[in-house]
Every structure is written in structure tokens, then in C-alpha cells.
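*Asks:* Predicted model and sequence below, questions to follow.
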Amino acid sequence: MKWIPCSGVAVGPKTTKRNTNNGSSKKKKKKQQPQKGTMEMVVMINDKKNLPLERSRTSERSRKDNKGDSKISSNEIPAQTFAFRELAIATMNFKKECLLGEGGFGRVYKGHLESINQVVAIKQLDRNGLQGNREFLVEVLMLSLLHNRNLVNLIGYCADGDQRLLVYEYMPLGSLDDHIHDIEPGKKGLDWNTRMRIAAGAARGLEYLHDKAKPPVIYRDLKCSNILLDRGYHPKLSDFGLAKLGPVGDNTHVSTRVMGTYGYCAPEYAMTGQLTLKSDVYSFGVVLLEIITGRRAYDTCKSVGEQNLVAWARPLFNDRRKFAQMADPMMGGQFPPRALYQALAVAAMCVQEQPNMRPAMADVVTALSHLASQKSAAEMQQQQQPGQSLRLAPGTPRANAGS
Ligand SMILES: Nc1ncnc2c1ncn2[C@@H]1O[C@H](COP(=O)(O)OP(=O)(O)OP(=O)(O)O)[C@@H](O)[C@H]1O
Ligand SMILES: [Mg+2]
């Protein structure tokens, strides 16, 4: 139910779940075989006597022992186990009013955990799905080992009987998807600077997985609904159920069955199943295009030539005069044109057909951090002393360029 092969059936708006496949996805998913790479990963971690499920059970104890240890940051507290009853109480028995959203894995509820006095998001595995159990395990393993300010924090999990639940820190602003697609009439869209800060933060999360995690991790499911937003629109990557340990030694790729979400999959991965870090870079390029244009990666509501975002954007990349037309109309023309060109150039490089032509995430972070740190003309104007006129250096991005 959860994932479709990237070459699978198109997914329309509001149904960008990985599981969509002509409505018959549930059946399809049950037929799916265990993923070799995923099991290899579990074995590897077991070999190192570092199985997070075991560690989690003892983690509460060791945390109590280390209570006064100020060196443990809240981001690095290992996942703890919860009883199903505790999570049911936290969500008032999974009350409809607590529902935050629903994805391929199951439903996500907002709750308050008495024991730690914290508002949390609780994801309940749909018990009809077989794939979910493996995804659950990979998610716990990955998030127990990986810690970064741009990755969502897993507080704990519940594996009581056949119940499988994941407990995350609560992200008050929901997912990026909620802020760039289908904005309610009368609501303001995100401004340019916020978009660039979100893009730079998401890129940093991916850079951590690629360059700092050992061995590197291929995220494999980058999309707007998996970028969650904390206060101040601080982005965090979520959903590691599809993640894979990257190639080690002389290997350039890992081979796997093609999984992901339609519209985000790199073409070479969709065709050959060979997964590299550059497959993530492609997906990042698609997300960046969505952030800039406000369009969906794949939108069946659009005319045939405009359904696939990358296919629509490619010819436009060749004509700088068309760049302004690509910007999300929800910004009302309020963006610095130079920065728009630069952001589109980064996106264009990321979605190149040839994987080796795509940049490394570290380079994407450098470029986007620069764009995100630029002050908008409005901010500069605010800083001006009364009576001073605003002078922009040649080439300084100006806001309101579209007007
Ligand atoms: N930690 C969280 N804090 C706040 N809201 C969350 C959190 N995790 C998920 N959500 C909300 O729940 C929704 C569903 O999330 P979920 O990851 O299950 O599905 P999805 O990302 O839309 O699809 P997929 O299953 O393909 O990943 C999200 O879009 C988001 O709005
Ligand atoms: Mg998700």
C-alpha cells in the first residue's frame, strides 16, 4: 500500500502517497517481497551488537542513570518504549479531533504524553499493511542512529502485541506540502526568504545523511510531505522507512527494487534500480522546483505537457527571460530576480539526466545557504534610519521584481 514503483501509475493532487496505484495498491503491497538491502542493514547493525530496539528498552534506564548529564542534548536522547495504553491516553483514544494527517503508513495523531509532559505526534501503523512492519523497524533503527537538527526526532515507539506506533516530536507547522500546495483562498503563500531557508535546511539534512553519517544513508523518499516544519519554519526530514545504507568501498551504487513516490524518482533509478546518493539529489531538485514554482512534482489536473514538473521546467531553464514566469504566483511577484535565477540554476543542476553531472549535496547547501542568508529589500528598508535612502549595490537582489 505504501510505495509505488517510480515507473508506476501517476498520482494526482491530494493523493501523493506512495501507496497510490489505481486504487488497488493494498493488494499490490501485500505481494511485495522483503527488500534485500533493508534486511542486510538490520543484520549489519545486529552484528555490531547495536540493535536499537534492544538499546531502546534499556535506554530509559540509562537515561535515568544519567539524569544529570548535561552533555546529552535533547536531540540525542535515544528512543524509548511506550505502552499502547499510554499512547491511547495521550491521544484520547485516537480521537478524530487529534488526527493530524494520514499517509501510506497509517494515521498520525497529536497527543500529550503525561510521563514526559510533552506534546507529540503519534503515527499508528495500519495493521493491514505487511510492508509497514519492515518500514517501522527501519524507521526506528535509522532515527536511533542519526541525529541532526534537520532530521525529525524520534522520541520512542510502541511494539505492544501487533500494535506498531512511532512517537515523534510534534512539528507545529505541519509539512511543507501544506504551505506550498493548495493554499486556501485568502491565505498568504510563503515569502521568498522563508522558501529559501526551508530549502537550505532540507538540503542540510540530506547533506548530513550523505556526508556525515557513516556509512552514508540514501534517504530515498524526499518529497514535500516528508519535510516537516518546526516553529519559525525550521525544516526537518521525516519518514526514514525507505532509507538505505549507501554504497561502501569501491561500490558506486546499491541495487534495490524501485520504490519511491512518482515524480520524485531519478530516471536512472526508475529504469535500473541502481540507487546512488545522486538519486536523492534528483529528488531534492524536484522539491526545490516545487518550492520555487508552487507546482506539484506530478499533477494530473494540469494539461498533459505540464503534468510532470521536471518535463515542464526543462525547456524553460534554457531561457532566462522565462524564469520570472516560473515563480509561484502566490509570491505576488515579490522575489529577488537574481536569487530566483540562482535557485533555478541549482534546481536545474540537481535534476540533470546524468547522475554524475548532479552536484553533491554539500555544494547545494553552500549555494542555498547563500541565497537564504540574503536579506530581502523589505528587510533592508526596515533597517534604514529614517531619512536615509535605500541604496542597493550593483547586482543586489531586489524584492518586488515582478511589479
Ligand atoms: N511529527 C509530526 N508533527 C506534526 N505533524 C506531523 C508529524 N508527522 C506527520 N505529521 C502530519 O501527518 C501527515 C501524514 O504524515 P505521513 O508521513 O504519515 O504521510 P505522508 O508524508 O503524507 O505520506 P507518506 O506515507 O507517503 O510519507 C503529514 O503530512 C503531516 O501533516
Ligand atoms: Mg511522510
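*Replies:* Arrived safely. Bear in mind the structure is a predicted one, so any value in this text is a computation, not a measurement. Ligands and ions are numbered 1, 2, ... in the order given.

*Asks:* Around ligand 2, pick out the residues from this structure.
*Replies:* Taking C-beta under 5 Å from the ion as the contact definition, the chain meets ligand 2 at 103, 226, 239. C-beta coordinates here come from the backbone N, C-alpha and C atoms, glycine included.

*Asks:* Between the residues you listed, identify the one with the most neighbours.
*Replies:* Greatest neighbour count in the residues of the chain next to ligand 2, by other C-beta atoms under 10 Å, goes to residue 239: 27 neighbours.

*Asks:* which residues does the residue lying closest to that residue once chain neighbours are set aside contact?
*Replies:* Setting aside the residues directly before and after it, residue 239 is nearest to residue 226 in space (C-beta to C-beta, 6 or more residues apart in numbering), at 4.6 Å. Counting by C-beta atoms under 8 Å, 6 or more residues apart in numbering, residue 226 makes contact with 175, 237-239.

*Asks:* Buried ones only from those, please, as a ChimeraX command.
*Replies:* Selection of buried members from the contacts of residue 226 for ChimeraX, criterion 16 or more other C-beta atoms under 10 Å:
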select :175,237,238,239
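
*Asks:* related to what we said a few turns ago, just the ones of the residues of the chain next to ligand 2 in helices?
*Replies:* In helices, defined here by DSSP state H, there are no members of the residues of the chain next to ligand 2.

*Asks:* Helices of this structure, start to end?
*Replies:* For the chain, the helices defined by DSSP H cover 25-30, 36-47, 52-65, 84-90, 131-145, 176-180, 192-207, 267-272, 277-293, 309-317, 323-326, 337-350, 361-373, 377-383.

*Asks:* Mean pLDDT, distance to ligand 1 and mean neighbour count added to these, as a markdown table?
*Replies:* A markdown table is the format used below for those (pLDDT from 0 to 100; distance: least, C-beta to the nearest ligand atom, whole Å; neighbours: other C-beta atoms under 10 Å):
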| stretch | mean pLDDT | distance to ligand 1 | mean neighbour count |
| --- | --- | --- | --- |
| helix 25-30 | 34 | 11 | 16 |
| helix 36-47 | 30 | 16 | 14 |
| helix 52-65 | 34 | 18 | 14 |
| helix 84-90 | 97 | 14 | 18 |
| helix 131-145 | 84 | 9 | 22 |
| helix 176-180 | 96 | 6 | 21 |
| helix 192-207 | 98 | 14 | 24 |
| helix 267-272 | 91 | 17 | 17 |
| helix 277-293 | 97 | 13 | 25 |
| helix 309-317 | 96 | 17 | 17 |
| helix 323-326 | 94 | 25 | 15 |
| helix 337-350 | 97 | 21 | 20 |
| helix 361-373 | 97 | 21 | 19 |
| helix 377-383 | 60 | 29 | 13 |
